[in-house]
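K.L.:
sequence and predicted structure are below.
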Amino acid sequence: MIKPTLPQGTRDFPPSVVRKRQYILRIIREVFERYGFQPLETPAMENLETLLGKYGDEGDKLIFRILNNGLDNPAKREQVLDGFRQVMEGTGSKAVTERALRYDLTIPFARFVAMNHGQLQFPFKRYQIQPVWRADRPQKGRYREFYQCDADVVGSASLLNEAELANIYLDAFRMLGIPIELRLNNRKILAALAEACGGAEKLTDITVAIDKLDKIGMEKVMEELSQRGLSDEQSSAIGMYLSISGDVDEKLSKAEALLGHTPQGQKGIEEIRWLANFLKKEEGGYPFTLDFTLARGLNYYTGTIFEVKAGGVQIGSIGGGGRYDDLTGLFGVPGIPGVGISFGVDRIYDVMEERGSFPESLEVGTKLLFFNLGESECRYVWPILQSLRESGIACEIYPEQTKFDKQFKYAEKKKIPMVVIAGSEEIANGTLKVKNLTTSTQQTIGKDELKELLLQAS
RNA sequence: GAGGGUGUAGCUCAGCCGGUUAGAGCAUCAGAUUGUGGUUCUGAGGGUCGUGGGUUCGAGCCCCAUCAUUCUCCCCA
């Protein structure tokens, strides 16, 4: 016998957890639909070459690769051995692995758009809720298998899309009851910063370092910048940029003074300014914060970037996204710009659990349990049971004839709020005993009155 | 990829300086209670102390290795 275990970083979801997860997904899906997004699903696995090189060197290492079948075929022995040799030298080999589990939902979506651009109605708005896999080392709030819920618009460069996506975040988290901070920035501003201090090729180094500002502080960021090969002069210019403070308007003016002389900087600031004006609330103020330190890891972002932080809990971001000018260009179909956002369901779950934000009603599945008091008693309640089910009322009958104690405890464990007891006495009188387990009250009713009673109660 | 923590009953954990037969709470099962649950009382079952080696008269405890798990860093949701 082997000890049953789970692969590292994966989880089973027991019924109560699935209920809560589905509650989150239901709300997010509802909001997506309300904004005109359409569902899409893609396979769990993609061709390895579809994924490689899209997430940076670090990302490539975290892609789960699937071993080819038929490696034990003697006829292919030399080919396979040679393939393994290549794998051990760090270069991939189709002889050993040509498929991999999807790492996110954006690249498979880009692949889908590139394959079907002739058939799709643009702008194409899709949402996708599926698991993704990363060969990462698991830790708090990080798993090797987790769900992403993405919504993307492709085929439109309009900033109106950004405004809609921002509102999707605001709507969804309001409905979930999670206070959030929505942070925005623009990758063009970061690019302009890199251009001004260190050169465009330092963009990644700069973003990785400044992204950590709120975590490690200004001094450490400066240290990291010099470690990454920036001069003191360049670092201090970045320091000035990072020190920009004030409300959204002030920050924009200050950034303009610093980076407005470059075309990219100017463009980025204009984009944010437009978005800010558009999202501005009637009573003034903005439903987001402008965070110049926000960088986001993925390299394909080229414009607006989003990040959502949950208020009052110590957990990483629970959502993020951004604009990309040319994602499908990687697959030979240039000129389709897009923008998208993602919800981190697993972390949202953790936040809601920590805050106690799930409605209690989620725990009730079955509304009514019929006790089993013997075969003739079962025959007596059977038509009633079926008729309730036809009316959409979830109910069940205890399948074994056993003592009351057991049947009561079953109902209690499953959080079934009501039980029906019908024995020889009730059969003789054509009645039912209905007990409410939460109030511990009991009443006797005619056997045809049950449905009405339940419909009244709900 | 780098560095810590933890592995003892189904679950959460205690176990003194290395010393006789390894404990508690919860859970489970049975009974008090053959048509009324939750509270209570009584009793029972349940252990290769992660695994392998070593030190010792003696190891749950010390040492080494290994596996699992968890956390931090890198990176990310």
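P.N.:
Yep, that arrived.

K.L.:
rest of the way, CA atoms for contacts and neighbours
P.N.:
Fine.

K.L.:
where does the stretch 351-458 of chain A have low pLDDT?
P.N.:
A:457-458 (pLDDT under 70).

K.L.:
contacts for the biggest helix by length in chain A next, please.
P.N.:
As assigned by DSSP state H, the longest helix anywhere in chain A is helix A:15-34. With contacts defined as CA atoms under 8 Å, 6 or more residues apart in numbering, helix A:15-34 is touched by A:38, A:127, A:151, A:168, A:171-172, A:175-176, A:345, A:349, A:358, A:362-363.

K.L.:
7 Å instead, please
P.N.:
Applying CA atoms under 7 Å, 6 or more residues apart in numbering, the contact partners of helix A:15-34 are A:127, A:168, A:172, A:349, A:362-363.

K.L.:
so which of the residues you listed belong to strands?
P.N.:
A:Y127 (DSSP state E).

K.L.:
looking at the contacts of helix A:15-34, which one is closest to RNA strand B?
P.N.:
A:Y349 (10.8 Å; CA to the nearest atom of the strand).

K.L.:
now the closest one, nearest residue through space, not along the chain?
P.N.:
Nearest residue to A:Y349 in three dimensions, chain neighbours excluded: A:R21, at 6.8 Å (CA to CA, 6 or more residues apart in numbering).

K.L.:
A:R389 too?
P.N.:
Using CA to CA, 6+ apart and skipping the chain neighbours, the partner closest in space to A:R389 is A:C395 (6.7 Å).

K.L.:
contact residues of the stretch 301-450 of chain A facing RNA strand B?
P.N.:
Contacts of the stretch 301-450 of chain A with RNA strand B, taken as CA under 7 Å from any atom of the strand, map to A:316-320, A:342-344, A:346-347, A:403-405, A:408-409, A:412, A:421-426, A:433, A:435-441.

K.L.:
drop anything exposed from these.
P.N.:
A:317-320, A:342-344, A:346-347, A:408, A:421-423, A:426, A:433, A:435, A:437 (16 or more other CA atoms under 10 Å).

K.L.:
thinking again about what came up before, pLDDT on the next helix or strand after the longest helix of chain A, on average?
P.N.:
The C-terminal neighbour of helix A:15-34 among helices and strands, as given by DSSP states H and E, is strand A:38-39. The average pLDDT for strand A:38-39 rounds to 97.

K.L.:
and the helix or strand that strand A:38-39 is followed by, how far from the chain's centre?
P.N.:
Later in the chain than strand A:38-39, the nearest helix or strand by DSSP H and E is strand A:45-47. Remark: strand A:45-47 is offset 20 Å from the chain centroid, using CA atoms, centre = their mean, to the nearest Å.

K.L.:
repeat that for stretch A:211-230.
P.N.:
29 Å.

K.L.:
which positions in that stretch come out as buried?
P.N.:
Going by neighbour count (16+ other CA under 10 Å), the buried part of stretch A:211-230 is A:211-213, A:218, A:221-222, A:224-225, A:230.

K.L.:
just the residues you listed: which are in helices?
P.N.:
Judged by DSSP H, the buried residues of stretch A:211-230 include A:213, A:218, A:221-222, A:224-225 as members of helices.

K.L.:
buried stuff in the helix or strand where A:G59 lies?
P.N.:
Per DSSP H and E, A:G59 falls inside helix A:56-61. For helix A:56-61, a neighbour-count test (16+ other CA under 10 Å) marks A:59-60 as buried.

K.L.:
tell me the mean pLDDT for stretch A:135-143?
P.N.:
On average, the pLDDT along stretch A:135-143 is 87.

K.L.:
could you list the alpha-carbon positions for it in PDB?
P.N.:
Extracted in PDB, the C-alpha atoms of stretch A:135-143 (Å, rounded to 0.1, in the frame of the first residue of the first chain):
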ATOM      1  CA  ALA A 135       6.800  24.800 -11.100                       C
ATOM      2  CA  ASP A 136       7.400  27.300  -8.400                       C
ATOM      3  CA  ARG A 137       8.300  26.600  -4.800                       C
ATOM      4  CA  PRO A 138       5.000  26.900  -2.900                       C
ATOM      5  CA  GLN A 139       4.700  29.200   0.000                       C
ATOM      6  CA  LYS A 140       2.000  31.300   1.700                       C
ATOM      7  CA  GLY A 141      -0.600  32.200  -0.900                       C
ATOM      8  CA  ARG A 142       1.400  30.600  -3.700                       C
ATOM      9  CA  TYR A 143       0.500  27.300  -5.300                       C
END
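
K.L.:
list the contacts of that stretch.
P.N.:
With CA under 7 Å, 6+ apart as the criterion, stretch A:135-143 contacts A:9-10, A:62-64, A:144, A:347.

K.L.:
swap in stretch A:217-228?
P.N.:
A:205-206, A:209-210, A:213, A:235.

K.L.:
could you tell me the end-to-end distance of stretch A:303-319?
P.N.:
17 Å (CA to CA, to the nearest Å).

K.L.:
what helix or strand is A:G320 located in?
P.N.:
Using DSSP H and E, A:G320 falls in strand A:319-324.

K.L.:
quick one: strands adjacent to the next helix-or-strand element following that strand?
P.N.:
Counting by DSSP H and E, the next helix or strand C-terminal to strand A:319-324 is strand A:338-344. Using DSSP bridges, strand A:338-344 pairs in its sheet with strand A:145-154 (antiparallel), strand A:319-324 (antiparallel).
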